[in-house]
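Participant: Sequence plus the predicted model coming up.
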Amino acid sequence: MRELKETLRQAVKDLFNIDIEPELTRPEEQFGDYSTNVAMQLAAKLGKPPREIADALASKLQATEMVSKTEVADPGFINFFLSDRVLLDNMKRQPAKTYEGQTVVVEYSDPNPFKVLHVGHLYTSVVGDAIANLFEAGDAKVARVNFGGDVGLHVAKTMWAVLNELDYFSQNEPKKDIETIPEDQRNTWLSERYVEGAKAYEENPEVKQMIIELNHRIYDLFPKDSDKDPEFGHIYWTTRAWSYDYFNQFYSQIGTKFDKYYPESETIELGLKTVRENIGKVFEESNGAIVFKGEVHNMHTRVFINNQGLPTYEAKDVGLILKKWGDYHFDKSIVITGNDIYEYMQVVLKAIEQIAPELAQKTTHVTHGMVKVAGGVKISSRLGNIIRAEDVLAAANDANKQANQRENFDVALGAVKYAFLKNRIGADFIFDPAESVKLEGNSGPYLQYAYVRARSILQKSSNKGQLLDENLQADERSLVRKIGEFTEVVEQATAELLPSHICTYLYELAQNFNRFYEKNRILGDEKEALRLKLADAYAKTLKNGLQLLNIPVPEKM
């Protein structure tokens, strides 16, 4: 498309002495490979009917080797049919190096230590992986980072229940040892303590006050060498390490990796310092707290330092943005969260804009809806009725065993990832394990099987001959055309931060190949060499697309 656009731009320059950036779109296949409305764009400038302009441009481009045929449609659309040679060459194209030399930071997943990973964390991990991969395909240097609250009231609630379970508040000796909790039970044990602590905080005023005091004690643990109570510090640091071990194990299981974790404790100092230095310029005092008056910017006021002198999430996020800048000097920073903190993040970015406007401009906040299971169950970690991330994978694995009579975690994982990614980011959606593992229809396993099937065809051939006939028949041309769209779809998905475009394309590609294979013999046909080349290009494109989505690509199923 890049070459055709440049050829069209030059034709406009040659014929009408006008510089213009023409737009090309993909019409339905029967109307050509590309279409443009550039004649309508030029009509007012030239004072000519768009049809006359279109006819002149079509004639000029018809004479090039790139175009085999042009058609003009009223009131002045030009449809281009590319030559077979160009279509075949398009199959070899790689995505444009749009982000060459740029650094892109993608922040996603963001679970809080001392709490369980739920389906929302799984979703943002899947989406974040795909977006990071897309930028890498555009030749960006990508840093995958993860932000989580290792301090704050939720930690204090968990710590109260942990200490209570260990008889820490009792006068009796000896106390229970945290190390006696079996390793394979630690994550579940910690998540149960959080539920206990959250419930006690709401129902028991005395416990609530204890938790508030613990919150201060936890902040006082930083820096780490400032521990005043070795036993309390030991319990905190031990359970915190359990959380990060649990995160790493789960991320490894789903094929996710991070270049850096940013615990909130590491962003506090910079966040507090920045807010305090800008009191009177960006922030102001209000009832003992430090706030940002959002109403001036048609937003709402938010507290950045509370009246106890502790940083809120807002101050920690200020510190995080500045930390990321200091570590990476990014050209783009993508932050992926749920829709529920959209307004919150707008205020934080507006505050940053007053301090470091270039950082706000370089930051893009992507928000997503809620994942619900069939039946519409809402997720809530505070009340304890959460859908754990590992439960989603287990449900898909069980559904796959039941539907396909075999256990294959790569298939189950591919089913979950594809089910998440094929939905446009933004809206809530329902995840149905049984639907996700079907080998027919728009599913991850369908595409995995499509790849395995194509590889099987290729492996059955012993054809080592030279490619003799590159004149494309109609079905061959349709498949080649679709394969050639891949790089454009990747570039569009990256620009719009929408991996769902890749999913839609891969499903359409697989359907196209299936139609081709149903009507055309590959092995033993006089055009075997060409058709093997097409099957190979198709399989490689499927694999590349699935890998961009971080979906396993099995060789056998």
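Facilitator: Sure thing, it's come through.
Participant: which helices and strands does the worst-scoring helix or strand of the chain on mean pLDDT pack with?
Facilitator: Taking mean pLDDT, DSSP states H and E as the measure, the helix or strand of the chain with the lowest value is strand 371-373, at a mean of 86. Here strand 371-373 touches helix 119-137, strand 429-431, going by 3 or more Cβ pairs under 8 Å, 6 or more residues apart in numbering; DSSP states H and E. C-beta coordinates here come from the backbone N, C-alpha and C atoms, glycine included.
Participant: Pick the most deeply packed of those.
Facilitator: helix 119-137 (a mean of 25; mean count of other Cβ atoms under 10 Å).
Participant: where's that one relative to the chain centroid, distance-wise?
Facilitator: Chain-centre distance of helix 119-137: 3 Å, with Cα atoms, centre = their mean, to the nearest Å.
Participant: following it, which helix or strand comes up?
Facilitator: strand 141-148 (DSSP states H and E).
Participant: what mean pLDDT does that following strand have?
Facilitator: Average pLDDT, strand 141-148: 98.
Participant: Tell me the buried residues in the helix or strand following that strand?
Facilitator: Next in sequence after strand 141-148, counting helices and strands by DSSP H and E, comes helix 153-165. Residues of helix 153-165 classed as buried: 153, 154, 155, 156, 157, 158, 159, 160, 161, 162, 163, 164 (neighbour count, 16 or more other Cβ atoms under 10 Å).
Participant: Which of the residues you listed sits closest to residue 288?
Facilitator: Ranked by distance to residue 288 (Cβ to Cβ), the buried residues of helix 153-165 are led by residue 153 at 18.2 Å.
Participant: Please list all residues in contact with the residue lying closest to the closest one once chain neighbours are set aside.
Facilitator: Distances taken as Cβ to Cβ, 6 or more residues apart in numbering place residue 215 nearest to residue 153, at 5.6 Å, with adjacent residues excluded. By Cβ atoms under 8 Å, 6 or more residues apart in numbering, the contact set of residue 215 is 152, 153, 155, 156, 310.
Participant: Based on its surroundings, how many neighbours for the first one?
Facilitator: The criterion is other Cβ atoms under 10 Å. On that basis, residue 152 has 20 neighbouring residues.
Participant: And it, its phi and psi?
Facilitator: Residue 152 adopts backbone torsions of phi 120, psi 170, taken as degrees, to the nearest 10.
Participant: Use 52 as the first number from now on
Facilitator: In the new count, where the first residue is 52, that last one comes out as residue 203.
Participant: mind checking pLDDT for it?
Facilitator: Taking residue 203 on its own, its pLDDT is 94.
Participant: My read is that it contacts residue 315, right?
Facilitator: Yes. Counting by Cβ atoms under 8 Å, residue 203 touches residue 315, with 6.6 Å between them.
Participant: As a check, name the ranges of all helices in the stretch 202-351 of the chain.
Facilitator: Under the criterion DSSP state H, counting those that start in this stretch, helices of the stretch 202-351 of the chain are mapped to 204-216, 237-254, 256-270, 281-305, 315-328.
Participant: Repeat that for the stretch 452-601 of the chain.
Facilitator: Under DSSP H, counting those that start in this stretch, the stretch 452-601 of the chain gives helices at 460-472, 484-487, 495-510, 525-535, 537-547, 551-570, 579-599.
Participant: just the ones you listed: most buried one?
Facilitator: helix 460-472 (a mean of 25).
Participant: and that one, C-alpha only, in CSV?
Facilitator: The C-alpha trace of helix 460-472 is given here as CSV (Å, rounded to 0.1, in the frame of the first residue of the first chain):
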residue,chain,number,x,y,z
PHE,A,460,-2.8,-26.5,28.4
ASP,A,461,-1.5,-24.6,25.4
VAL,A,462,-4.9,-25.0,23.8
ALA,A,463,-6.7,-23.9,26.9
LEU,A,464,-4.4,-20.9,27.3
GLY,A,465,-4.9,-20.0,23.7
ALA,A,466,-8.6,-20.3,24.1
VAL,A,467,-8.6,-17.8,27.0
LYS,A,468,-6.3,-15.4,25.4
TYR,A,469,-8.1,-15.3,22.1
ALA,A,470,-11.5,-15.0,23.8
PHE,A,471,-10.2,-11.9,25.7
LEU,A,472,-8.4,-10.3,22.7
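Participant: Could you tell me how far it lies from the centre of the chain?
Facilitator: Centre to centre, stretch against its chain (Cα atoms, centre = their mean), the figure for helix 460-472 is 14 Å.
Participant: Excluding sequence neighbours, find me the nearest residue to residue 62.
Facilitator: In space, and not counting its chain neighbours, residue 62 is closest to residue 111: 4.8 Å by Cβ to Cβ, 6+ apart.
Participant: And the strand or helix carrying that neighbour, what's buried?
Facilitator: Using DSSP H and E, residue 111 sits within helix 101-113. For helix 101-113, a neighbour-count test (16+ other Cβ under 10 Å) marks 101, 102, 104, 105, 106, 107, 108, 109, 111, 112 as buried.
Participant: what's the closest of the contacts of residue 266 to residue 294?
Facilitator: Distances from residue 294 to the contacts of residue 266, taken by Cβ to Cβ, are shortest for residue 206, at 9.8 Å.
Participant: Was I right to think the closest one contacts residue 268?
Facilitator: No. Using Cβ under 8 Å as the test, residue 206 is too far from residue 268 to be in contact (10.5 Å).
Participant: residue contacts, residue 374?
Facilitator: 313, 317, 318, 321.
Participant: sorry, that was for residue 606
Facilitator: Residues in contact with residue 606, defined by Cβ under 8 Å, 6+ apart, are 503, 506.
Participant: at 10 Å instead, please
Facilitator: Contacts for residue 606 (Cβ atoms under 10 Å, 6 or more residues apart in numbering) come out as 502, 503, 506, 507, 510.
Participant: and what of residue 545?
Facilitator: In this structure, residue 545 makes contact with 146-147, 149-150, 155, 182, 184-189, 191, 552-553, 599, judged by Cβ under 10 Å, 6+ apart.
Participant: Touching, residue 168 and residue 297? I think so.
Facilitator: Yes. Look at residue 168 against residue 297 with Cβ atoms under 10 Å: they come within range, at 7.5 Å.
Participant: which neighbours do these two share?
Facilitator: Common neighbours of residue 168 and residue 297 (Cβ under 10 Å, 6+ apart) are 162, 238, 242, 441.
Participant: Reformat these as a markdown table; add distance to residue 328.
Facilitator: Output for those, formatted as a markdown table (distance: Cβ to Cβ, whole Å):
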| residue | distance to residue 328 |
| --- | --- |
| 162 | 31 |
| 238 | 40 |
| 242 | 39 |
| 441 | 43 |
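Participant: Tell me both backbone torsions, phi and psi, for residue 387.
Facilitator: phi -110, psi 120.
Participant: beta partners for it?
Facilitator: Taking DSSP bridges as the rule, residue 387 bridges to residue 417.
Participant: Can you give me the neighbour number for it?
Facilitator: 23.
Participant: Okay, now the unreliable bits of the stretch 102-251 of the chain?
Facilitator: 225 (pLDDT under 70).
Participant: now do the stretch 352-501 of the chain
Facilitator: Applying pLDDT under 70 to the stretch 352-501 of the chain flags the ranges 426-436.
Participant: which residue ranges form the strands in it?
Facilitator: 353-356, 383-389, 414-419, 422-424, 480-482 (DSSP state E, counting those that start in this stretch).
Participant: Distance to residue 309 added to the ones you listed, as JSON lines?
Facilitator: As requested, these are exported to JSON lines (distance: least, Cβ to Cβ, whole Å):
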{"stretch": "strand 353-356", "distance to residue 309": "27"}
{"stretch": "strand 383-389", "distance to residue 309": "13"}
{"stretch": "strand 414-419", "distance to residue 309": "17"}
{"stretch": "strand 422-424", "distance to residue 309": "21"}
{"stretch": "strand 480-482", "distance to residue 309": "24"}
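Participant: between the ones you listed, which one is nearest to residue 196?
Facilitator: strand 383-389 (9.2 Å).
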